[in-house]
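>>> Quick one, fold the following:
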Amino acid sequence: MEMSQLTKDLKTLKSNEHRVIYTSKKGVQVAVKHTGKFSPQDFAVSLIIPGKPEFNPTHIRLLIDLFIKRESNITGAKKFFKIFEKVFQGEDPEKFKEEVGEIDFPMALDETEVNLYYAQLLMIEQDINYGPDSKKPSKLSPPRDYLMRFIRWVAAGDTQIDRIIFAAAGRKYPAPERYSKPIK
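This next block holds a predicted model:
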């Protein structure tokens, strides 16, 4: 679903409501559950992998998986990162599932389409929790740029993953400003 419509839908989640948003070709479900933790409309993103317990992936999992993918297929990763830009701009990740599904990543944690699905949800979560009307508004506009800068940092391949994860996990500062520019 396009980001603007999905954002509207997610703002209607009721207390503790659990909703499956996407299901991948391999049956992995990407879901949300209203938590109200950081804002009245906050939700947690979860993955339900067939045969395994449901869990909440974080931006750290996403960044590590993107790094692994980039290391295993640099050419394919360049194409994949350009699609992240389109999702960041609001496009529907399902629109790209066939295209990203054709990219072979010998090493990966999650399917490429699953990366796009939960990245979109994490971006929406940032926009809701750190938007202009929130208790702690982001200095970035839109707030989802926080995550996208880290994705671009991984894509650039100019820093060790340790440094990127340290910065992302500490949440003390965003990725360097040079990663505010879209991937070309």
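
>>> Not counting residues beside it along the chain, what's closest to Leu121?
Val45 (4.6 Å; C-beta to C-beta, 6 or more residues apart in numbering). C-beta coordinates here come from the backbone N, C-alpha and C atoms, glycine included.

>>> Tell me how many other residues crowd the one you found.
Residues lying near Val45 (other C-beta atoms under 10 Å) number 22.

>>> Likewise for Leu63?
Neighbour tally, Leu63, other C-beta under 10 Å: 23.

>>> Likewise for Arg163?
Neighbours around Arg163, by other C-beta under 10 Å: 10.

>>> Buried residues, whichever strand or helix holds it. List them.
For Arg163, the element it lies in under DSSP states H and E is helix 161-170. By neighbour count on 16 or more other C-beta atoms under 10 Å, the buried set for helix 161-170 is Ile161, Ile164, Ile165, Ala167, Ala168.

>>> Dump those to a markdown table, plus pLDDT and distance to Lys184.
Output for the buried residues of helix 161-170, formatted as a markdown table (pLDDT from 0 to 100; distance: C-beta to C-beta, whole Å):
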| residue | pLDDT | distance to Lys184 |
| --- | --- | --- |
| Ile161 | 95 | 23 |
| Ile164 | 95 | 20 |
| Ile165 | 95 | 25 |
| Ala167 | 93 | 23 |
| Ala168 | 94 | 23 |
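
>>> got those as a markdown table, with distance to Ser15 columns?
Shown next, in a markdown table, are those (distance: C-beta to C-beta, whole Å):
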| residue | distance to Ser15 |
| --- | --- |
| Ile161 | 37 |
| Ile164 | 35 |
| Ile165 | 33 |
| Ala167 | 34 |
| Ala168 | 30 |
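
>>> circling back to that earlier point, show me what the helix holding Arg163 is packed up against.
Here helix 161-170 touches helix 59-72, helix 145-156, going by 3 or more C-beta pairs under 8 Å, 6 or more residues apart in numbering; DSSP states H and E.

>>> what about the ones you listed, which gets the closest to Pro50?
Among those, the nearest to Pro50 by C-beta to C-beta is helix 59-72 (18.0 Å).

>>> for the very next helix or strand once past that closest one, packing partners?
Per DSSP H and E, the first helix or strand lying C-terminal to helix 59-72 is helix 74-88. Applying 3+ C-beta pairs under 8 Å, 6+ apart, we find helix 74-88 packed against helix 59-72, helix 97-101, helix 112-129, helix 145-156.

>>> returning to what we had before: between the helices and strands packed on helix 161-170, which one is nearest to His18?
helix 59-72 (19.8 Å).

>>> And the nearest residue to Asp110 once chain neighbours are set aside, how far from Ser180?
Distance criterion C-beta to C-beta, 6+ apart; nearest residue to Asp110, sequence neighbours excluded, is Asp65 at 5.6 Å. Separation of Asp65 from Ser180 (C-beta to C-beta, to the nearest Å): 22 Å.
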